[in-house]
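Student: No sequence on hand, only this structure:
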C-alpha cells in the first residue's frame, strides 16, 4: 500500500481553520482567567492573579479537586480491573451466553446516564452516609467500564493463542504466564483503558450531582454550581488549570512512549 | 553455519515415549483412531502425513494440549495421558509460527523457562549463554524477535525449548515458513544438533524429503492412524501399502495378478524379485521407483522381452529437471505412462518426445505390495 502525502495550500488552510475553531473557545478562557473584577470579560481592563489566588488558595475548590481525584482514581482502578476480567472472559470463555454477556457489558453505555445516576442514587440511600463518595466512584466506574472492557478485549484478542500455549508448555504457572507474558503484551491496551476510564470518570457530572451533599462535591459539580450561582472568572481559572494539567499529562505520555520505544530498540537497557 | 562443539551440552534427561491406542474425536469426527508409537530415548522420530492425517493432533496429545478419549501416553514409563501441559510434563515445544514472546529479547525469551523455574540468576545467565552459542545466536541476544529473520526466530524457539533440558522435544512443522535453501541448511543443522545433544525429538511435517533427511524413524500417518513406521529408507523401499508407496517419492505401480511365478499386468509379464514366495492368484502391485529404471532408444514394434525386466513404449514427455531427465513413457497395455528419472550424463543419450523407448530394470529393484480388497 502506498499513500502519497497530500499537500495542498487549501488543505493546510482548512486544517488551520479547523484547529482554530476547536481551540479558540478554550484559549479565550485564558485572558478571562486573569481578570480582576467579579464578572467575566473577554478582555479584562486590568490583569491580575486575584482569581488564581481565590481558586488555588480557596478551600472549596481544593476540596472539590480532592474529591474528584479520589472518586476518579477509585473509578479508574475499578473499571480497569473489572474490565480486564470481563475482557478476559469475553475473549477466552467458550460459553454459549458469551454474546449476551457482551451486550450486557455494554449496557451502561447504552442506557441514558440519568438512569445510571438515578440507580446509583437509590443504591447510595441503602449505604452508610460516609460511603457516598464510594458510590460516586462506583457509578463513574460503571460508565467507564464498557469502553475499558472493549479496549482491553481488543488488545487481548491481539495476543496469539500459541504464545500463551508456549508460555504454559515452557513451564510457566498461571500467575507467571499472566505476569510475564499476558500483562506486558496487553499493557498498552490496559494503559489506554485506564487513561480513558480516568477521563470519563473525571468528566462525569450527573452521578455526582445526584449524590452530592454538603462537604462532598466533585470538581464538575463545583464548576456547575459556580456557573449557576456565581459566574465569576474562577471558572475560567479552573478551566485553564485543568487544560494545563491535561497538556502536561499528554506531554508526559508522549515522552513515556518515546522512552519506552527507545528502550525497546536500545540493547543496552536490558 | 556449523555448530560449535565446545558449547554442546548433552541432554541427560532425554526420555522414551510410548503411545498406546490413542483415540480422539472432536465434534463427532474421529481425528485419532488408535495411534501406537514407540520412540526410544535420543531418537529422532517424524510424524509424516498429508493434512488432516492426525500428525499435529498426535503431537498435541503428547504435548498435553489434546486430551485423548482413550489410550495411554507414557514418558519414560510414567503415565502422562491426562497430565496438563507445563512444568510437570517437561516437554519443549517448537510451534509452527515459533510463538516467541514479542516483548522480550532473544536472551529473555530463552531465559523464560528457567526464570519460571526460579533458577539462580547466575545459572540462568550461563545456561542461556551456552544454548545461544549452541544455536549460534549469541551475537543477537539483545534483539527483539521482530528484528530477526525467519531462520533466526526458529533457532530462538529451538533454544528456548532446549534450555531447560526437557525430556522430549516436540516440533510442529518448524520449517514450514522458511524458503527452500534456508530450510535445507537448517534441516542438516538441526539433525546434527540433535545427535550432538542426544535429545528425543518428535517432529511433525508433511514434507517427505524433510522426514527422510532428518529422522531415525518415520511414522507415516493416514486418517488418524499410523500407516507404517520405520526408518525412512525402509518406508521408501518397502512400503506396505499403495498409500505409503505414493506418499513417499514418485512411484510406478503396476497392478496385476501372480501367475506361475510372474506378475501378469494386463498381459505384460513382469519378473518377480528373486526369492519371492507369491502364490498364483494373489493380487499384487509392483512398485518401480522412477530412478531404478533405465531408458534407451528402443526398436519400433517390440513389445515384451523374455526376462520380464524390460518394457517397450513411446516417449510421451521428456523434461530436463536439473540433475535428471524426467520421462513419461507410454507403454501399450499399461493404464498410466511409466515415469523414469534418469541421471543426466554422457552415459545416457537423451530421448525426444515420440521416440520409441526401451525401459529396463533390475528385477530385484521391484518391491511387491499385496493388494487388499479395497484396492482396485
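Tutor: Everything's here; your move. All of these numbers come straight from a predicted model, not from anything done at the bench. Numbering: from 1, shown residues only, chains lettered A, B, ... in the order given.
Student: could you pull out the helices for the stretch 151-270 of chain A?
Tutor: For the stretch 151-270 of chain A, the helices defined by DSSP state H, counting those that start in this stretch occupy A:161-169, A:174-177, A:183-203, A:206-211, A:219-225, A:234-265.
Student: Turn those into CSV, including mean pLDDT, distance to residue A:49 and mean neighbour count.
Tutor: All C-beta atoms are positioned from the backbone trio N, CA, C, and that covers glycine. Listed next are the helices of the stretch 151-270 of chain A as CSV, based on pLDDT from 0 to 100; distance: least, Cβ to Cβ, whole Å; neighbours: other Cβ atoms under 10 Å in any protein chain shown:
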stretch, mean pLDDT, distance to residue A:49, mean neighbour count
helix A:161-169, 92, 56, 21
helix A:174-177, 92, 53, 15
helix A:183-203, 90, 25, 19
helix A:206-211, 89, 29, 23
helix A:219-225, 88, 20, 20
helix A:234-265, 82, 9, 14
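Student: Export those helices as JSON lines, with columns for distance to chain B.
Tutor: JSON lines is the format used below for the helices of the stretch 151-270 of chain A (distance: least, Cβ to the nearest Cβ, whole Å):
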{"stretch": "helix A:161-169", "distance to chain B": "4"}
{"stretch": "helix A:174-177", "distance to chain B": "5"}
{"stretch": "helix A:183-203", "distance to chain B": "5"}
{"stretch": "helix A:206-211", "distance to chain B": "37"}
{"stretch": "helix A:219-225", "distance to chain B": "37"}
{"stretch": "helix A:234-265", "distance to chain B": "7"}
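Student: Turn those helices into a markdown table, including distance to residue B:206.
Tutor: Shown next, in a markdown table, are the helices of the stretch 151-270 of chain A (distance: least, Cβ to Cβ, whole Å):
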| stretch | distance to residue B:206 |
| --- | --- |
| helix A:161-169 | 19 |
| helix A:174-177 | 31 |
| helix A:183-203 | 31 |
| helix A:206-211 | 60 |
| helix A:219-225 | 63 |
| helix A:234-265 | 36 |
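Student: Which among those helices is found nearest to residue A:134?
Tutor: Among the helices of the stretch 151-270 of chain A, helix A:206-211 comes nearest to residue A:134, with 10.1 Å by Cβ to Cβ.
Student: what's that closest one in contact with?
Tutor: With contacts defined as Cβ atoms under 8 Å, 6 or more residues apart in numbering or on different chains, helix A:206-211 is touched by A:71, A:113-114, A:116-118, A:120-121, A:124, A:132, A:135-136, A:139-140, A:143, A:217-218, A:220-221, A:224.
Student: Recalculate using a threshold of 7 Å.
Tutor: With Cβ atoms under 7 Å, 6 or more residues apart in numbering or on different chains as the test, helix A:206-211 has contacts from A:113-114, A:116-118, A:120-121, A:124, A:132, A:135-136, A:139-140, A:218, A:220-221, A:224.
Student: Could I have the PyMOL command that selects the buried members from these?
Tutor: Burial among those is assessed by 16 or more other Cβ atoms under 10 Å in any protein chain shown; the matching PyMOL selection reads:
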select buried, chain A and resi 113+116+117+120+121+124+132+135+136+139+140+218+220+221+224
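Student: Tell me which entries of the contacts of helix A:206-211 lie within helices.
Tutor: Secondary structure from DSSP state H places A:113-114, A:116-118, A:120-121, A:124, A:132, A:135-136, A:139-140, A:220-221, A:224 of the contacts of helix A:206-211 in helices.
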